[in-house]
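S.K.: okay, predicted coordinates and the sequence, questions at the end:
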Amino acid sequence: MALTMVHLLAAERWAQAHPEYRTSPEFYLGAISPDAIHIRDHDDKSHKDEIHLHNWQSPHPLEVEAYWRARPAPFDIGYGVHVLTDAQWVPRYKERLKGMLLPDGRLDVRIYYRDSWVTEFRLYRSSARLRELVALLENARVPGDHPLLTARELDEWRRLTVQTYRGECPKEGEPAFVTEAYVLSFVEDCVPLIEETWRQAGIAGQA
């Protein structure tokens with residue numbers, strides 16, 4: 001449920017301790033790719049948890065460990081980093097950003113997407129590294145054998161992502177909840193679970 005800059009920041013932060021991935025275009029493509037399900041399903045989210053290895057809204061690291069052991073290529077390491085990031089994003093905002101929730105506990109999507117998009121574009125435009133990572137996506141090889149998403153879906157999501165962030169922000173206003181400070185704090189805090197899952201998977205050195 002986190003948007004693209006959150007995922008790229010989390011991937012880049014984790015990769016600081018794993019230099020074999022830090023400059024890999026395929027790793028960063030993997031780090032945005034679970035959301036390519038939107039190319040197939042658009043706003044229908046009924047398959048999103050499956051595509052996210054059942055980590056879309058809560059952590060299930062054993063699923064990612066098994067996925068990484070079966071598919072240890074850089075793209076797939078990035079894919080696992082993405083789903084573990086989402087697994088922590090949702091519980092955290094439900095706990096810490098209660099003003100963004102409706103009385104029945106559901107997310108107020110109007111507030112959420114205003115905040116998220118404005119903050120995403122501020123992060124992208126203020127960070128040369130994020131702009132480098134988006135450019136890096138264009139050089140990544142799309143896997144043709146992914147078990148959950150087709151090469152066409154992955155390539156189209158990559159194209160749409162690059163096009164979106166090089167365009168204009170789709171929202172206006174001042175973020176009240178999902179701010180740059182909130183995102184950067186989250187990124188720091190989400191890395192330990194990713195690192196522990198990586199350690200438990202036992203695939204170091206297979207990049």
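M.R.: Cool, got the structure.

S.K.: quick check: which ranges of this structure have low pLDDT?
M.R.: 205-207 (pLDDT under 70).

S.K.: the same query, at a cut-off of 80, please.
M.R.: 204-207 (pLDDT under 80).

S.K.: burial count for T23?
M.R.: 11 (other CB atoms under 10 Å). All C-beta atoms are positioned from the backbone trio N, CA, C, and that covers glycine.

S.K.: I'd like to know how far the closest residue to D35 other than its chain neighbours sits from R125.
M.R.: Leaving out its chain neighbours, the residue that sits closest to D35 by CB to CB, 6 or more residues apart in numbering is W157, at 6.5 Å. In this view, W157 and R125 are 21 Å apart by CB to CB, to the nearest Å.

S.K.: again with D44
M.R.: Separation of D44 from R125 (CB to CB): 31 Å.

S.K.: the closest residue to E174 other than its chain neighbours: what's it in contact with?
M.R.: Spatial nearest neighbour of E174, chain neighbours left out: V118 (7.4 Å); criterion: CB to CB, 6+ apart. V118 is in contact with 169, 171-175, counting by CB atoms under 8 Å, 6 or more residues apart in numbering.

S.K.: which of the residues you listed count as buried?
M.R.: 171, 175 (16 or more other CB atoms under 10 Å).

S.K.: closest to P59 among the contacts of V118?
M.R.: P175 (25.5 Å; CB to CB).

S.K.: any idea how far the helix or strand harbouring V183 is from the chain center?
M.R.: Assessed by DSSP states H and E, V183 sits inside helix 180-201. Relative to its chain's centre, helix 180-201 lies at 12 Å (CA atoms, centre = their mean, to the nearest Å).

S.K.: and stretch 29-43, end to end?
M.R.: 21 Å (CA to CA, to the nearest Å).

S.K.: one step back: neighbour count winner among W157 and R125?
M.R.: Using other CB under 10 Å, the more surrounded residue of W157 and R125 is W157, with 24 against 12.
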